[in-house]
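Would you be able to build a 3D model of this:
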Amino acid sequence: MTTGKVLEPSLVKDLSNHIYEKRKATAFQIESLTKNALGHNDSQTIYKIINELTELTSTGTNSAKMGAITALGSVSVALGSFAIAYFLEDIVKPIFSTFKDTDARVRYYACESLYNVAKIARGEILIYFNDIFDILCILVSDSESSVKNAADILDRLVKDIVSAKATNYVSILQQQQESQIRSNLVDAQGNAIQVNEPQDPSKAFSLPKFVPTLLERMYTTDPFTKKFLLSWLELFDDIPSLELVRFLPEFLKPLIQFLFNNSPTDIRSETENLLNVFLEEIKYITKIKIDARKKELANKKTKQAELDANVKKDKQEHGSPNLKLHDTESAIDEDSGADDEASIKSDDTTIVRRPLASGLTTKPTEGHNKIEVSGSDAKEEHEENEEVTLGQDIFIDYEKIILILLSFLKSPESESSFKDLGSEPHEIYCQVQFIAIKWLRDILEMAPSSILKQFPECVGVTLKNISKTDKAQDFELRDSFLDFNMAMQSFLYKFNDASLDEFNKTLGLDKETNTEFNEVKLPLTLSAIVKEYLDSVSELARTTSLDWMIFIYERNPTEFMSLFQAEANNFELTDLLKYDTSNEVILKVLTLMAKISEANQQFFKNFIVKLVKIFELDGTEKTFKVEFIIRKLCVSLNSEFIFTALSEVLITLSDLDFLNTMIVTLNNILLTSQELLPFRKKLKGLDSNKVEDWQLFSSLFQSWCHNAPSAISLCLLTSNYELSYLIIKNLSELEVTSQLLIQLDVLVQLLESPIFMKLRLNLLEPEKHPYLFKTLYGLLMILPQSNTFMSLRNRLTTVSNYNSNSGPQFHLSTPLTTPTPAPGTTTAPIPSGSSTTSQSIRRKRIYEMLDKFIKIQDSHEKYNNSNKRMNNPVGYNLESASVFPVNSLK
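As a prediction, the model looks like this:
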């Protein structure tokens, strides 16, 4: 003992013995020494014993280390549950250091020693919980099974201590410091001033201080460590007063990552169950807050009604109100503000966690102002409702949770996405996606104001995943994204519905939120939708994107149009037609265009111009697309406006090949499409003597002139038989090509269809329609003898026989300008003045149209001749070749 050491060399030697029984017996001797020193209140001797044992743990052999840490456990037993608090730090620090030893036996005895220390210290050991947790997290995946088993036993003990002491245990040392705080002060006048005890003294265990340690260990790939962490998360969550869910945004991402790295099935199942538990807790907390908000609004409404009643009563009694309406509102606000101020200034306000508590405070939630209820108010409310709800004071950072969930939904190629997901098996990938979309769907209902702040990202990610899942045929996952997509649209519909203002207020949504969304987030949302439309190759994704555009336009037309009319925007709405040949997608685009055109004539005109340009760029190979677009457009918009607008645009173009093809296509649509039935009916009933009717015919005819058979068919449809005959006569001046003959052949076949029933009936009145006969006979003279020729000849022969048998004969040799009535008939007297003028004006119009036709056909003929010279430089005589085989003319 001359060296100043408490432990004799023989004790140190026995403590370093390789035999366990020797070390154990020596540890009991050291325990006796410690008890003796404690009995004499000799703390210096106890410190020396601990220090000498600590020295052995760092400098001795492995046997010495094992003996020393065993002896430290015996020292803690000797100190007991009270005195150990003063020596605990010196005892546990050397034990902690031995857990890093390479010898598994040392680690095992360290677990045993720490178990003994924790069993004695109980709540005091929570001061070092972070260190113990960190050690256990490593030991559960130790290579030695004995160490793992010892760590498991220690883990169970620590869990028991946390369950019993974590929420309320205050260290003995901390309690002594608090006892020194005076309970009151005296001012200069001698008046006693109350000073309350701190509401939340420093407890041995602090969850906020523990969370960083938890996060450090959660980014692990070891399944044993994952299982250990899950068990602790479940334990903390089972202790309501700890409010672990408040810290969910901090560890949500690594928790979801527990599903990765080929985790065993039980780990994945346990992780998903824990996530579901957290989600249900959030739902419950949100419901509590919404109910409280509803109650607050109802109380405010009741106060307003009472004040209004008082104003009305005062007005009836005194003849003038004491308070104006806006004064009553301010009175409510002042009253509420006074209550808040009193609550804030009150030092005895406590956070309610149990029904017996006396007060209530809530943190700011989803756009609400801070709500505080003083202790007395809470008491009255408690008496009224017989219970105080829990969870109102828990703040959930929904925005951070949403960003985490979106990171798991983004594609692995995205820079901001979680890239490890791309290397996971498809089953894991789908599981994570299901979890993320389920959470987002529920958060949309719980905290829509938070979703609004990330709305562009939510819509963009959803559309991208609809495209991916549709392509991969993950139909169940795809349907989940489609459901979330519909839920977002449904939410926006309610958000914009003024009749749901009261409902929106309970969710933290007001006019300011609406304005901010329309000005900031809506343009970003539209940009994200357009981007996904252009990037996607999935028909479903594109139709869904277009549904969004239609939805947004119907509810926010001004904001919608302002985005596409902005100078910085290089994308035009008509460009949507360029990127797809799918009929379903084109139909959606046309629906959007039609809705905009109905309210915006200038947009309609620009749309038609750009539509024609798209047709021109596509060339003549996609006439089926042109037909489909125009037909479906005529369903949504007035077909007359469409055709006249198309005609006005076409006459400004110079590409003759495109014009010829386009007019043939438009003519086929006009004559055969069911969608054009009302327009055809109007054209059949045109009166060329009316200015409006002639303008309609003229606007169409000017572009129809680019194709002679189409011009003839338009004249026949509108009963402008004289003009059709003049065109037939003019064909003799033009080159008759095989294409012309084929188109005339098709026209004659159409004459037998129900569309031209009026024309066929007009054949029964030759004296009224002499030029109709001339037109049809002219066609008969042009056509080669074929089945179509025979059909037309039979029709004319039948009519001629009928006319010869039914009365006066009609002479086909009637002059062009003044048709002569058939023999035996009397000419009706010509009305003076206006009738003659009307006929002259009509004839002038006809010849104006004929002149336009001739000029346009001349330009076509020159163009065709130049092409022939370019394609036939050797001078081969094309005219010498027969247009049809000889057999076809028989």
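
Show me where the stretch 501-650 of the chain dips below the pLDDT cut-off.
For the stretch 501-650 of the chain, the stretches flagged by pLDDT under 70 are 501-504, 566-570, 580-581, 620-621.

Repeat the analysis, applying 50 as the threshold.
Applying pLDDT under 50 to the stretch 501-650 of the chain flags no residue at all.

what's near enough to touch residue 480?
433, 434, 437, 438 (CB atoms under 8 Å, 6 or more residues apart in numbering). C-beta coordinates here come from the backbone N, C-alpha and C atoms, glycine included.

can you pull the pLDDT of the closest residue to the first one other than its chain neighbours?
Using CB to CB, 6 or more residues apart in numbering and skipping residues adjacent in sequence, the residue nearest residue 433 is residue 477, 5.7 Å away. In this model, residue 477 is scored at 93, pLDDT.

Now do residue 477 against residue 444, distance only.
18 Å (CB to CB, to the nearest Å).

returning to what we had before: can you turn the buried part of the contacts of residue 480 into a PyMOL selection?
Entered in PyMOL, the line below selects the buried ones among these, by 16 or more other CB atoms under 10 Å:
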select buried, resi 433+437+438
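
Okay, and which of the contacts of residue 480 map to strands?
Of those, none are assigned to strands by DSSP state E.

just to revisit the earlier point, run a quick neighbour tally on the residue nearest to residue 433.
Using other CB atoms under 10 Å, residue 477 has 21 neighbouring residues.

again, but for residue 288
If we define neighbours as other CB under 10 Å, then residue 288 has 17 of them.

again with residue 259
Using other CB under 10 Å, residue 259 has 24 other residues around it.

That one and residue 431 touch, don't they?
Yes - using CB atoms under 8 Å, residue 259 is in contact with residue 431, at 6.1 Å.

Could you tell me which residues touch both of these two?
268, 272.

pLDDT weak spots in this protein?
Ranges of the chain meeting pLDDT under 50: 1-2, 178-183, 185, 192-200, 321-332, 334-388, 415-417, 809-833, 874-890.

so after the helix or strand harbouring residue 711, what's the next helix or strand?
For residue 711, the enclosing helix or strand under DSSP states H and E is helix 708-717. Next helix or strand after helix 708-717 toward the C-terminus (DSSP H and E): helix 721-731.

Against which helices or strands is that next one packed?
Where contact means 3 or more CB pairs under 8 Å, 6 or more residues apart in numbering; DSSP states H and E, helix 721-731 is packed against helix 708-717, helix 770-782, helix 834-871.

Run the angle between the first one and helix 770-782 for me.
In this case it means helix 708-717. 150 degrees (axes from the mean of the first three to the mean of the last three CA atoms, to 10 degrees).

and the angle for helix 708-717 with helix 721-731?
Put simply, helix 708-717 runs at 160 degrees to helix 721-731, going by the same axes, to 10 degrees.

can you check the last one too?
Computed with the same axes, to 10 degrees, the direction of helix 834-871 lies at 30 degrees from that of helix 721-731.

and helix 834-871, what does it pack onto?
helix 656-672, helix 691-704, helix 708-717, helix 721-731.

And for the second one?
Applying 3+ CB pairs under 8 Å, 6+ apart, we find helix 770-782 packed against helix 708-717, helix 721-731, helix 738-751, helix 787-806.

ok, how many other residues are close to the nearest residue to residue 244 once chain neighbours are set aside?
Sequence neighbours aside, residue 236 is the residue nearest to residue 244 in space, at 4.4 Å (criterion: CB to CB, 6+ apart). Neighbourhood size, residue 236 [other CB under 10 Å]: 20.

just residue 519 next, same as before
For residue 519, the count of nearby residues is 10 (other CB under 10 Å).
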